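**Q** Sequence first, predicted coordinates after that:
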Protein chains: 2
Amino acid sequence: MTRTQHSADVSVIARRLREARLNVGISQKNLGIQAGIDEFSSSTRVNQYERGKHVPDFQTLEKFGSILHVPTAFFYARDDVTAEMLLLFANLPRSQQNRALSYLKKLGQKGVG
Amino acid sequence: MTRTQHSADVSVIARRLREARLNVGISQKNLGIQAGIDEFSSSTRVNQYERGKHVPDFQTLEKFGSILHVPTAFFYARDDVTAEMLLLFANLPRSQQNRALSYLKKLGQKGVG
DNA sequence: TGGGAATACTAAGTATTCCTGAGTATCGGG
DNA sequence: CCCGATACTCAGGAATACTTAGTATTCCCA
């Protein structure tokens, strides 16, 4: 009975993948094909990933991320707050990302004392 | 000649793992043992991970993250800026994480126009 | 100077996991 | 009812990781 957060017995990667795909609104098969998976195994493979039956390798998840507009690290974020942070951060231009970094450094310094 | 960023031909995971381990200053073998890997294969396995010869599964990386004080998603961050963001964010207490989220949302809204 | 221990690293065979191909289940429209 | 689309399952062959045995290098110190 170890469960850090609310939902699901499915793996983190599986859950995040489905979350991201449904957000964009494409089918499992379509996602796989866009990622370069053979059209005849695409449906099966993506389904196995989302059901947590098998685990996609890093390169595949990088392609999924690029198609679904999420950073790759998002798929590995167990914590919802971290996941949301990654989404927000990825959508910023580089200059504002640097600003955000400065802001967090200040927050961190205050918090220690 | 495709290289998004400066360094290394070694995989993202391999590079981040070594980075995090050296920061803490423990040996490959020691890291593996702390993560529950058999002491007789620990050295080999962690070395294979850091050389990019093999890829550790998610659960193993979660243990490494907890030992090395980095969030699991850190190991999958190709971009250095995102990696640093994850480290800073993980070190904040929950209340300040929420603050950081609000800040990122504001930055995002301004940037779109 | 010459062990000995610690660390990093490699090769190869076995063990484990994934990918492919074939198939079932369900739903909605025509 | 039938068709296409989507989601999903299973089994065996294909690919990858894990274990065992070993090498190379450095540092310590007797």
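**A** Done, it's in.
**Q** Near DNA strand D, which residues of chain A? Just list them.
**A** When proximity is defined by C-beta under 7 Å from any atom of the strand, chain A lies next to DNA strand D at A:27-30, A:43-44, A:47-48, A:50-51, A:53. All C-beta spots, glycine's among them, are computed from the backbone N, C-alpha and C.
**Q** how about a cut-off of 10 Å?
**A** Proximity of chain A to DNA strand D, by C-beta under 10 Å from any atom of the strand, involves residues A:14, A:18, A:21-22, A:25-33, A:41-55, A:57-59.
**Q** Can I have the buried ones of those residues as a ChimeraX selection?
**A** To isolate the buried members of these in ChimeraX, using 16 or more other C-beta atoms under 10 Å in any protein chain shown:
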select /A:14,18,21,28,29,30,31,32,33,42,43,45,46,48,49,50,52,58
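**Q** What about the residues of chain A next to DNA strand D, which are in helices?
**A** Assigned to helices by DSSP state H, the following of these qualify: A:14, A:18, A:21-22, A:28-33, A:41-50, A:58-59.
**Q** returning to that earlier point: give me the subset of the residues of chain A next to DNA strand D touching chain B.
**A** Counting by C-beta under 8 Å from any C-beta of the partner chain, A:55, A:57-58 from those sit close to chain B.
**Q** so which of those residues also contact DNA strand C?
**A** A:55, A:57.
**Q** need the ones next to chain B among the residues of chain A next to DNA strand D in JSON lines with pLDDT and distance to residue B:102, can you?
**A** Formatted as JSON lines, these follow (pLDDT from 0 to 100; distance: C-beta to C-beta, whole Å):
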{"residue": "A:55", "pLDDT": "98", "distance to residue B:102": "34"}
{"residue": "A:57", "pLDDT": "97", "distance to residue B:102": "35"}
{"residue": "A:58", "pLDDT": "97", "distance to residue B:102": "31"}
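**Q** Now do the contacts for residue A:88.
**A** B:101, B:104-105, B:108 (C-beta atoms under 8 Å, 6 or more residues apart in numbering or on different chains).
**Q** Just give me the longest helix of chain A.
**A** Under DSSP H, chain A gives helix A:94-112 as its longest helix.
**Q** do that one and chain B meet?
**A** Yes. Helix A:94-112 reaches chain B (C-beta under 8 Å from any C-beta) through A:94, A:96-101, A:103-105, A:107-108, A:111.
**Q** ok, residue A:29 - contacts?
**A** By C-beta under 8 Å, 6+ apart, the neighbours of residue A:29 are A:39, A:42-43, A:46.
**Q** now, the most widely separated pair of these?
**A** The span of these, defined through C-beta to C-beta, is set by A:39 and A:46 at 11.6 Å.
**Q** Residue A:108: neighbour count?
**A** 17 (other C-beta atoms under 10 Å in any protein chain shown).
**Q** again, but for residue A:16
**A** Other residues close to residue A:16 by other C-beta under 10 Å number 25.
**Q** and it, what element?
**A** helix A:12-24 (DSSP states H and E).
**Q** which one is residue A:83 nearest to, not counting chain neighbours?
**A** Once flanking residues are discounted, residue A:83 sits nearest to residue A:77: 4.0 Å by C-beta to C-beta, 6 or more residues apart in numbering or on different chains.
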